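# Whatever this is, show me its structure:
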Amino acid sequence: MKKLAAYLFARLKEPSTLAGLSVLATVAGLPPGTVDAAAQVVGGVAALAAILKPDAKPAEAANG
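All right, here's what the predicted structure looks like:
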């Protein structure tokens, strides 16, 4: 579960992921301004999670 969460947070921090989500939401009928605001919120939450998440210890990073 930790690996999945780490993967998702890593993808959410990428501009291409946010752009793709924006396009999908716009195609689904949401107004572009709302989509852009939501993308900024998602990016902010991902950044906050990255700040609050402790760094891996060297032994944990080596084990995966």
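
# going forward, measure contacts between C-alpha atoms and count neighbours the same way
OK.

# What is the longest helix of the protein by residue count?
Ranked by residue count under DSSP state H, the longest helix found in the chain is helix 32-52.

# Which other helices and strands does it contact?
Packing contacts for helix 32-52, counted by 3 or more Cα pairs under 8 Å, 6 or more residues apart in numbering; DSSP states H and E, involve helix 2-12, helix 15-27.

# And the residue nearest the centre of the chain, how far from residue 42?
The centre of the chain sits closest to residue 12, judged by Cα atoms, centre = their mean, with a distance of 1.7 Å. In this view, residue 12 and residue 42 are 7 Å apart by Cα to Cα, to the nearest Å.

# Now the nearest residue to residue 47 once chain neighbours are set aside: phi and psi?
Leaving aside its sequence neighbours, residue 47 sits nearest to residue 13 (Cα to Cα, 6 or more residues apart in numbering; 6.9 Å). Main-chain dihedrals, residue 13, degrees, to the nearest 10: phi -80, psi -10.

# need the contact list for residue 13.
43, 46-47 (Cα atoms under 8 Å, 6 or more residues apart in numbering).

# The same query, at a cut-off of 10 Å, please.
42-47, 50 (Cα atoms under 10 Å, 6 or more residues apart in numbering).

# how close does it sit to residue 31?
22 Å.

# pLDDT wise, what is the residue nearest to the centre of the chain at?
According to the prediction, residue 12 has pLDDT 77.
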